[in-house]
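Novice: fold the following and give me the result.
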Amino acid sequence: MTLTTQTKTTITERFDASSVKRDFPILEREINGRKLVYLDNAATSQKPLCVIDALDRYYRSHNANVHRGLHTLSEESTAAYEATRFKVAGFIGAAKPEEVIYTHGTTESINLVAYSWGRKNIRKGDRIVLTHMEHHANLVPWIALAKSLGAELEYIPIDSEGNLVLDRIGEIITPNTALVSLTHMSNVLGTINPVKKIIEIAHDRNALSLVDAAQSLPHMPLDVVDLDADFLAFSAHKMLGPTGFGILYGKESILDDMDPFILGGDMINKVRYDHADWAELPNKFEGGTPHIAGSIGFAPAIDYLNNLGMENVRAHEMELTQYALDRLSELRSIRVFGPRDVDRRGGAISFSDSDIHPHDLAQILDTNGVAVRAGHHCAQPLHNLLGVGSTARASFYIYNTPDDVDRLIDAIHEARRYFGHE
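Specialist: Residues are numbered from 1 along each chain as shown. Now for the predicted structure:
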């Protein structure tokens, strides 16, 4: 039996975002008497009915712990829980499902690598290479690790448009580099980084690579074998799935050599009072009761995206992002951060108004039913580099339309009128 069902939405070669929107119950809400326009997708995506139904069905009919019972409910839960691993492996192009490790999200996945691989393999004087556009989740663990081990941090800089500057990459990724860890798509700038090229350079210098794909995987096709990434981390909640569930992909040979991160039940092979042997992959890294519902709810999310086609998702967002950049450029008070070429960026657009603080702007937008983010977006050093304390951010996904962009622009005009600037 199966605990998940595919979405009933019929998608043609290029899907209609207005039709997709009808699969998301929350988008029927009104905020302050206005139909909700949700533009905070870089923080978390909304969930289609098929995901909500899968979670409800699990808790109503199949709830039981996995791997630990011979009764019917446990066997049903285990089967559905493990089926998702195969779906994830197929979605990212992994060679084996055992290379897919369940975590609670991108942050835990990166911390797992820092703890289990980093502490075992990085030595004093080794270099860890990051970029100037990293989210705190791919920055703070390496700062702490470098400090504790005596390793050094080096950063790939960015230019005025928010693209990585690679003309000195050979001086930055040196032979003593142990790891290059970078975001595939910036959550602030929207920049899509040439990770495949950078991974090749890292491997030429015998360094491993980690790709933070939290912002890229929900929005574009990705193949870990083609990228040749050693590690790749992402979160379900940014790609239609439940919160609190994420993935660490790692090459089997590297994972085999790593020690566990969480010690306890279900990650062992044999335990004595003075010794413990670890389980095989992937169980070695999945100690304790996992987020079973998160795994089961992620399966229909993957089905939904596969049904749309990730090439179509990317094409839709490129068109929408171009439209949004064009409309924002009409406003002389607005400064947009990140590349203007949609071939080199995703649909997260951070911007500031010369007359209105981003927090005030976001609040006025909310009174008009438009949900955006305001703050430093867990990228404080990047904002310092850009010379701003915070920005507003509108970020798009499969259910957003040009009408949503128009609502955003109208709401910005309303905010400017409210503060007496129009």
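
Novice: excluding its backbone neighbours, what's nearest the spatially most central residue of the chain?
Specialist: Computing the C-alpha centroid of the chain and ranking residues by Cα atoms, centre = their mean puts Ala214 first, at 1.5 Å. In space, and not counting its chain neighbours, Ala214 is closest to Thr106: 4.3 Å by Cβ to Cβ, 6 or more residues apart in numbering. Where you see a C-beta, it was placed from the backbone N, CA and C, and this is true even at glycine.

Novice: might you report the residue contacts of that neighbour?
Specialist: By Cβ atoms under 8 Å, 6 or more residues apart in numbering, the contact set of Thr106 is 137, 212-214, 233-235, 246.

Novice: pLDDT at it, what is it?
Specialist: pLDDT for Thr106: 98.

Novice: how about stretch 410-422 as PDB, C-alpha atoms only?
Specialist: Output of stretch 410-422 as PDB, limited to C-alpha atoms (Å, rounded to 0.1, in the frame of the first residue of the first chain):
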ATOM      1  CA  ASP A 410       0.900  48.800  -5.900                       C
ATOM      2  CA  ALA A 411       1.500  48.100  -2.300                       C
ATOM      3  CA  ILE A 412       4.900  49.900  -2.400                       C
ATOM      4  CA  HIS A 413       3.200  52.900  -3.900                       C
ATOM      5  CA  GLU A 414       0.700  52.700  -1.100                       C
ATOM      6  CA  ALA A 415       3.600  52.600   1.500                       C
ATOM      7  CA  ARG A 416       5.200  55.700  -0.100                       C
ATOM      8  CA  ARG A 417       1.900  57.600   0.000                       C
ATOM      9  CA  TYR A 418       1.400  56.500   3.700                       C
ATOM     10  CA  PHE A 419       4.800  57.900   4.600                       C
ATOM     11  CA  GLY A 420       4.300  61.100   2.600                       C
ATOM     12  CA  HIS A 421       6.700  60.400  -0.300                       C
ATOM     13  CA  GLU A 422       4.200  60.400  -3.100                       C
END
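
Novice: touching it from outside, list them.
Specialist: 331, 333-334, 353, 355-356, 360-361, 364-365, 368-370.

Novice: narrow those residues to those that are buried.
Specialist: Buried subset of the contacts of stretch 410-422 (neighbour count, 16 or more other Cβ atoms under 10 Å): 331, 334, 353, 356, 360-361, 364-365, 368-370.

Novice: just checking, what packs against the helix ranked longest in the chain?
Specialist: Across the chain, the helix with the greatest residue count (assigned by DSSP state H) is helix 72-92. The helices and strands touching helix 72-92, judged by 3 or more Cβ pairs under 8 Å, 6 or more residues apart in numbering; DSSP states H and E, are strand 100-103, strand 246-250, helix 292-308.

Novice: turn the ones you listed into JSON lines, columns for mean neighbour count and distance to Thr183.
Specialist: Shown next, in JSON lines, are the helices and strands packed on helix 72-92 (neighbours: other Cβ atoms under 10 Å; distance: least, Cβ to Cβ, whole Å):
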{"stretch": "strand 100-103", "mean neighbour count": "25", "distance to Thr183": "17"}
{"stretch": "strand 246-250", "mean neighbour count": "27", "distance to Thr183": "15"}
{"stretch": "helix 292-308", "mean neighbour count": "24", "distance to Thr183": "20"}
